[in-house]
Structures are given as C-alpha cells and as structure tokens.
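[1] coords below, sequence missing:
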C-alpha cells in the first residue's frame, strides 16, 4: 500500500476516505426507511449528506472474494464472509466454546450510492497473533475500532478486533484483510455446504417466547437477534440493519435444558445502566462495555455477558435487558 501511495501522490489516503422508555414490540416495518433509502439526501448532525447503501448481488463481489481468498455470501445489503476459528480449542470456566458461540470471525462489505464501499467486521485472534494482525491492518490502511473481550477467564488468551475501512476500492481492502489474516492461523470456511437440519437439546420455542424473537440454529448454537430501530449513521453512511448494531443472545446447549449463554446488547447511553442492572439480575456476569464504531450516530455502546444455567430461565431473565433498549427483531431472522 505504501508503494501504491508513492505511485499516486494525489490520492487521498486519509483513513476516513480509504478506511477504511422501554422497548416496545415494534414491527419490522419500522426499518423501512433504512431499507428503502428514504433518508437519502437528509443532513446529519455534522452537516454532511447521508449516503445510502445499494443492493448488490453475489457476482458483484467476485474480485473481493478472490482477493480475500475465501468465499462469501449475501446477507441483504451485505457481502459477508464468515471465518469461524474452528482451529482453536477455547475453554471458558471449564466449558469448551463452540465457534458459533463466540469464536466467529466475520467481515462484511456494503456498497453505497456514492460509489464507495464500507468494510466492517470482527476478527478473533490469539494474543500471539494480535500484534502482527494489527500491524498488517495498519499497513493497509484498515482501521481498528475496538480491541476487547467476549469471554471471561478463558484459555488460550483470545482477543476480538473490530475492523473498518471506507473507500472506492473494496478489492484493495480485501487484499489488506488477506494479508492480516495470513498473519494468523484463521482457517478458510468449511466448504462442505451440504444442508443438514440441526436439532438442539433445547426448547427453542420456549426460548423464543421468553426472549421475544424467533431464533435460528447456527452450527450447534441457538441465536436470537435484534437490531436497533433507529437509523444508524456512521461517518455519513446509513448502516443497513444488522451491520454493527445488533443485540444477540446465543445459547450453546449443555444438556438437560441447560446452556452457556453469551452475546452482546447494543445500547445508547441512556440505556446502559438499565441493561447492566438487568443482566446482573438475570444471574449473568458482565464481561465488557465498549464501542464497535468511532463515529456512529446515535452513539452506540455494547455489553458482552456470560451465563450458565437453565436456558429458558436465562432467556426470561435477560428479557428485561432487551426491553430496556430500542430494538426490533432482525429482518429475516429465524425465517
């Protein structure tokens, strides 16, 4: 990337350019302004126009997939690549963590109507991998917007790194990501895509009723997902629902209706204390409060948590934390 800048001295390499109350059961239709782009042309608090995402198809991202060296798929507006750390054997408080519970590296690209693209993602790296991974991201102009933990008392030591890039050339960003991932032992996605209906040792219907949204099974883990009801803006860009602003409650079955529960709640400032209190009253442990983005509007906070116990009881206990935030079910979640 440094050589490229020398060959093109007029290119703007500022990171911004190339970087990279109570909840009511709102209908998913509340997300329509974001999905239709009705907010385009409005001005944000900084006086910039809001840029809306545009729908793309898988074929539009062929070069990005080739540069990243891993196949991806489409999730509404997002070209998504999942890279679960199946190579790691991670234990937290004596429980082996399934990749789908808390070890899921993922990156997503979104195209915007001004011709630029946005990358956002979350990478799982070991402590030994963290510094080389960070150096590679920085060398390629990709921002790190959070370095934090999802789990308590786990071995080996793992870190979660949020990445961000914005600019006209997503393929160059993908090359940079590939260089960073090559500094780790992150395996390619499992190419065995045979459809297998998974069954879990959990009463998922009761969990759905308790938590307030239909979930889905992902590689042996049951996931219930919500998104913020507001339009979220990051540096003038409207974020599609599900990109960097989700509440997720994950249940890893442990047998006899018990589960390890891990995930995060997305909150604005005035919701934080109510959510933290609700999590503790549910019998769950607090792990970390942090940001995922640097310039989001409204300003979002995230809390990671951990609990082990009866899955339905925990779902009921965590429901007040959901209700303390302005979220709606993820569009299409649970099918």
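    Received it, and whenever you're ready, just let me know what you need. Everything numeric in this text was worked out from a predicted model, so none of it was measured. Residues are numbered from 1 along each chain as shown.

[2] Could you measure from the spatially most central residue of the chain over to residue 316?
    Nearest to the mean C-alpha position of the chain, counting by Cα atoms, centre = their mean, stands residue 244 at 5.0 Å. Between residue 244 and residue 316 the distance, using Cβ to Cβ, to the nearest Å, works out to 28 Å. Where C-beta positions appear, they are placed from N, C-alpha and C, glycine not excepted.

[3] And the contacts of the host helix or strand of residue 110?
    In the assignment (DSSP states H and E), residue 110 maps to strand 104-111. Where contact means Cβ atoms under 8 Å, 6 or more residues apart in numbering, the residues beyond strand 104-111 that reach it are 53-54, 56, 60-61, 64, 68, 75, 77-85, 117-124, 163, 170, 173-174, 177, 186, 239-240, 243.

[4] now stretch 130-140
    By Cβ under 8 Å, 6+ apart, the residues outside stretch 130-140 that reach it are 1-2, 123, 125, 143-144, 147, 159, 161, 163, 172-173, 175-177, 179-184.

[5] Pull out the buried residues from stretch 256-263.
    Of the residues in stretch 256-263, those buried by neighbour count under the rule 16 or more other Cβ atoms under 10 Å are 258-263.

[6] Counting only strands, which of those make the cut?
    258-263 (DSSP state E).

[7] can you map out the strands along the stretch 201-335 of the chain?
    With DSSP state E, counting those that start in this stretch, the ranges of strands along the stretch 201-335 of the chain come out as 216-218, 221-228, 233-234, 237-238, 246-255, 258-267, 285-290, 296-297, 301-310, 327-329.

[8] tell me which element residue 135 is part of?
    Assessed by DSSP H and E, residue 135 sits inside helix 127-139.

[9] quick revisit: are any of the contacts of strand 104-111 buried, and if so which?
    Among the contacts of strand 104-111, those classed as buried by neighbour count (16+ other Cβ under 10 Å) are 53, 56, 61, 64, 68, 77-85, 117-124, 163, 170, 173-174, 177, 186, 239-240, 243.

[10] And the residue lying closest to residue 187 once chain neighbours are set aside, how far from residue 285?
    Among residues not flanking residue 187 along the chain, residue 87 sits closest, at 5.1 Å (Cβ to Cβ, 6 or more residues apart in numbering). From residue 87 across to residue 285, the span is 27 Å (Cβ to Cβ).

[11] if we can go back for a sec, kindly present the strands of the stretch 201-335 of the chain as a markdown table, with separate columns for mean pLDDT.
    Supplementary listing: these in a markdown table, determined by pLDDT from 0 to 100:
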| stretch | mean pLDDT |
| --- | --- |
| strand 216-218 | 95 |
| strand 221-228 | 98 |
| strand 233-234 | 96 |
| strand 237-238 | 97 |
| strand 246-255 | 97 |
| strand 258-267 | 98 |
| strand 285-290 | 97 |
| strand 296-297 | 96 |
| strand 301-310 | 98 |
| strand 327-329 | 96 |
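
[12] could you dump those strands to a markdown table with distance to residue 110?
    Listed next are those as a markdown table, based on distance: least, Cβ to Cβ, whole Å:
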| stretch | distance to residue 110 |
| --- | --- |
| strand 216-218 | 21 |
| strand 221-228 | 15 |
| strand 233-234 | 11 |
| strand 237-238 | 8 |
| strand 246-255 | 15 |
| strand 258-267 | 18 |
| strand 285-290 | 22 |
| strand 296-297 | 15 |
| strand 301-310 | 20 |
| strand 327-329 | 20 |
